[in-house]
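Peer 1: Predicted model, plus sequence, below.
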Amino acid sequence: MVFSGYFSYSEVRAMTWDQVEEANAALDMHEEALAAERARIAEEMQQRPPRLPAVKVKR
């Protein structure tokens with residue numbers, strides 16, 4: 001099962017216990033991937049200069 005969002009109450013009620021566990025595992029993996037992406041972006045932001053230098057444009 002691929003995580004594709006949250007399930008409605010009626011969908012969860014129709015699931016078997018194995019399907020619920022599989023959906024929870026998929027959600028956990030999805031959340032871990034999001035956390036890893038956030039960490040990567042935060043690290044990338046730390047490496048950038050705080051501001052780009054000002055550039056004067058001649059007209």
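Peer 2: Alright, I've got the coordinates.
Peer 1: the bottom helix or strand of this protein by mean pLDDT?
Peer 2: Lowest by mean pLDDT, DSSP states H and E among the helices and strands of the chain is helix 9-14, with a mean of 87.
Peer 1: Dump that helix to PDB, restricted to CA.
Peer 2: What follows is helix 9-14 as a C-alpha-only set of coordinates in PDB (Å, rounded to 0.1, in the frame of the first residue of the first chain):
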ATOM      1  CA  TYR A   9     -13.400   7.000   9.100                       C
ATOM      2  CA  SER A  10     -15.400   4.800   6.800                       C
ATOM      3  CA  GLU A  11     -12.300   3.700   4.900                       C
ATOM      4  CA  VAL A  12     -10.500   2.700   8.100                       C
ATOM      5  CA  ARG A  13     -13.500   0.800   9.400                       C
ATOM      6  CA  ALA A  14     -13.500  -1.200   6.200                       C
END
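Peer 1: And the helix or strand that it is followed by, what's buried?
Peer 2: Tracing the chain past helix 9-14, the next element assigned as helix or strand by DSSP states H and E is helix 17-47. Neighbour-count burial for helix 17-47 flags residue 23 (criterion: 16 or more other C-beta atoms under 10 Å). The C-beta positions use only the backbone N, C-alpha and C, and glycine is treated the same way.
Peer 1: taking the mean pLDDT, what do you get for helix 17-47?
Peer 2: Averaged over helix 17-47, pLDDT sits at 92.
Peer 1: Spell out for me which residue occupies the centre of the chain.
Peer 2: Nearest to the geometric centre of the chain sits residue 34, at 2.6 Å (C-alpha atoms, centre = their mean).
Peer 1: gap between it and residue 15?
Peer 2: 23 Å (C-beta to C-beta, to the nearest Å).
Peer 1: same deal with residue 36?
Peer 2: For residue 36, the distance to residue 15 - C-beta to C-beta - is 28 Å.
Peer 1: Which of the residues in the least confident helix or strand of the chain are classified as buried?
Peer 2: Within helix 9-14, not a single residue qualifies as buried, counting by 16+ other C-beta under 10 Å.
Peer 1: And the contacts of it?
Peer 2: Contact with helix 9-14 is made by residue 20, as judged by C-beta atoms under 8 Å, 6 or more residues apart in numbering.
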